[in-house]
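Novice: output the structure for:
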Amino acid sequence: MPCEHILNLIRKICCCDAIILRRGKHQKIKTKRITQKKYKEYTPVSISENENEKNEKHCYIPTYIYIILSLLLFCSIIFFLIKIYEIVTNINKIKNIPISNQEQISEEKKINNTKVCLCTMAKNENRYIREFVQHYENYGVDKIFLYDNNDVDGEKFDEILSDFIKKGFVEVRNWRGKDKPLMPIMNDCYQTNYLIYDWLIFYEIDEYIHLSNYTNIKPFLNLPKFKPCEVIYLNLICHTDNNLLYYDNRSLAERFPQTVPKHKKGGYRLEIKSILRGHIPNIEIKSNHLLNTELKNCNGYGNKNRYFYNTYTNENDYTHYYIDHYYSKSTEEFIDKINKGDVYITTLKYFMEKVDKYFHQSEITKEKIDFIESKTGLNLSIYRSKAKK
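Specialist: Prediction:
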């Protein structure tokens, strides 16, 4: 039996040690005697073979020592087998990794080094500006360039955004009191930052990016499918007024969770907004939607689209990547929006077009019609027959 061989081997080893110890003791005694008798000549004392056999016969090791040594040997073998199994398993795991650790570290470093900024213009937006800034900071944007287009004696962002300005996340640029500034602002932001930032986002204060599979925009922008893209555009999904007449200080997502139905005009829209790649010289931004039709564009899935009409595409996939557009908010806030005017138009036709868009997205009620008429002086009688009773 293997176990018996092991025990015999242990017994022999231990007995040999005992013999050596006994031999050493015997020699020590003999040496001492010889030293005391100086007149006698020293001769080494040897132990006969019979005495060795006798010592070996009298060698005794307790049983519990055998058991302990056997257990230790058994545990060592098990430990050795476990280590072999772990090594083999790790080798198989390494074979299944799509990229090497070095490549993975390099990819993570690339993502972390990606620089992203957002360019936006704001006028009378103090109610919403902090929520907007916080949203894009949470998404990993490095900096926001906020172009202040308020009236010369109007609102200021310095106080309400003082903490973001102090830590360098927001830079306020003075465009106060300037007329029709949108295209000049967008071009100024790109030309002054395209050598610094890898991607530049051009969204407005009521537009909130939504990336279902990502909490940070940088891994999204570094996906291989976007390597040939110079512009990434996302579609807008509009939210209703949730039948709220007045403003309150809850977040936009809390107040307006309901989106306009997909089948309804102005709901899940084909309208787009874009993210532009940096480090491309000699670019002129010509539209606040696609930016420049000569650039290589793709949607949030990396697919190129050749069809564009004005600010729209012929695509309508909103499964994962889109922009939440809080266009009207409450009725009161919608009136404030149209009263501050468009960046291009401030005519009666403009106001009626905005009201028409509002009622396409939100429910028409007599209460809303009366409220808008009282605040704007517009005649909205054409909507009364459509009002919900």
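Novice: okay, now the domains of the protein?
Specialist: 2-96, 114-326 (automatic domain parsing).
Novice: number of residues surrounding the residue nearest to residue 205 when sequence neighbours are not counted?
Specialist: Distances taken as Cβ to Cβ, 6 or more residues apart in numbering place residue 125 nearest to residue 205, at 4.7 Å, with adjacent residues excluded. The way it works is simple: take the backbone N, C-alpha and C, and place the C-beta from them, glycine included. The number of residues packed around residue 125, counting by other Cβ atoms under 10 Å, is 22.
Novice: could you confirm residue 125 falls within a helix?
Specialist: No - the assignment for residue 125, made by DSSP: H, G, I helix; E, B strand; the rest coil, is coil rather than a helix.
Novice: wait, what's in contact with it?
Specialist: Shown here is residue 125, whose contacts under the criterion Cβ atoms under 8 Å, 6 or more residues apart in numbering are 132, 155, 205.
Novice: which residue ranges of the stretch 101-250 of the chain form helices?
Specialist: If you assign secondary structure with DSSP state H, counting those that start in this stretch, the helices in the stretch 101-250 of the chain sit at 101-113, 129-138, 162-166, 182-193, 217-221.
Novice: most packed of those helices?
Specialist: helix 217-221 (a mean of 20; mean count of other Cβ atoms under 10 Å).
Novice: helices or strands up against the strand ranked longest in the chain?
Specialist: Of all the segments of type strand in the chain, defined by DSSP state E, the longest one is strand 268-277. Applying 3 or more Cβ pairs under 8 Å, 6 or more residues apart in numbering; DSSP states H and E, one finds that strand 268-277 makes contact with strand 199-202, strand 231-238, strand 312-313.
Novice: how about CSV for these, with distance to residue 326 added?
Specialist: Converted to CSV, the helices and strands packed on strand 268-277 look like this (distance: least, Cβ to Cβ, whole Å):
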stretch, distance to residue 326
strand 199-202, 17
strand 231-238, 8
strand 312-313, 20
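Novice: which one of the helices of the stretch 101-250 of the chain lies nearest to residue 353?
Specialist: Taking Cβ to Cβ, helix 182-193 is the member of these nearest to residue 353, at 17.7 Å.
Novice: shouldn't residue 378 be in contact with residue 354?
Specialist: No - judged on Cβ atoms under 8 Å, residue 378 makes no contact with residue 354 at a distance of 10.0 Å.
Novice: centre of the chain to stretch 72-82, how far?
Specialist: Using Cα atoms, centre = their mean, to the nearest Å, the distance from the centre of stretch 72-82 to the centre of the chain it belongs to is 45 Å.
Novice: and it, average pLDDT?
Specialist: When the per-residue pLDDT values of stretch 72-82 are averaged, the result is 85.
Novice: same check, this time on stretch 248-259
Specialist: Averaging pLDDT along stretch 248-259 gives 95.
Novice: for this structure, which segments count as strands?
Specialist: For the chain, the strands identified by DSSP E occupy 116-122, 143-148, 170-174, 199-202, 207-211, 231-238, 268-277, 297-298, 308-309, 312-313, 321-325, in order along the chain.
Novice: now render those strands as a markdown table, adding mean neighbour count, mean pLDDT and distance to residue 350.
Specialist: Rendered in a markdown table, the data for the strands of the chain read as follows (neighbours: other Cβ atoms under 10 Å; pLDDT from 0 to 100; distance: least, Cβ to Cβ, whole Å):
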| stretch | mean neighbour count | mean pLDDT | distance to residue 350 |
| --- | --- | --- | --- |
| strand 116-122 | 23 | 97 | 18 |
| strand 143-148 | 22 | 98 | 22 |
| strand 170-174 | 16 | 97 | 27 |
| strand 199-202 | 24 | 98 | 22 |
| strand 207-211 | 19 | 96 | 20 |
| strand 231-238 | 22 | 90 | 19 |
| strand 268-277 | 21 | 82 | 18 |
| strand 297-298 | 20 | 90 | 29 |
| strand 308-309 | 12 | 56 | 21 |
| strand 312-313 | 18 | 56 | 19 |
| strand 321-325 | 21 | 93 | 19 |
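Novice: for the longest strand of the chain, what is the distance to the chain centroid?
Specialist: Centre-to-centre, strand 268-277 and its host chain are 21 Å apart (Cα atoms, centre = their mean).
Novice: and the angle for it with strand 116-122?
Specialist: 120 degrees (axes from the mean of the first three to the mean of the last three Cα atoms, to 10 degrees).
Novice: now the angle from strand 268-277 to helix 182-193?
Specialist: With the same axes, to 10 degrees as the criterion, the two stretches strand 268-277 and helix 182-193 enclose an angle of 30 degrees.
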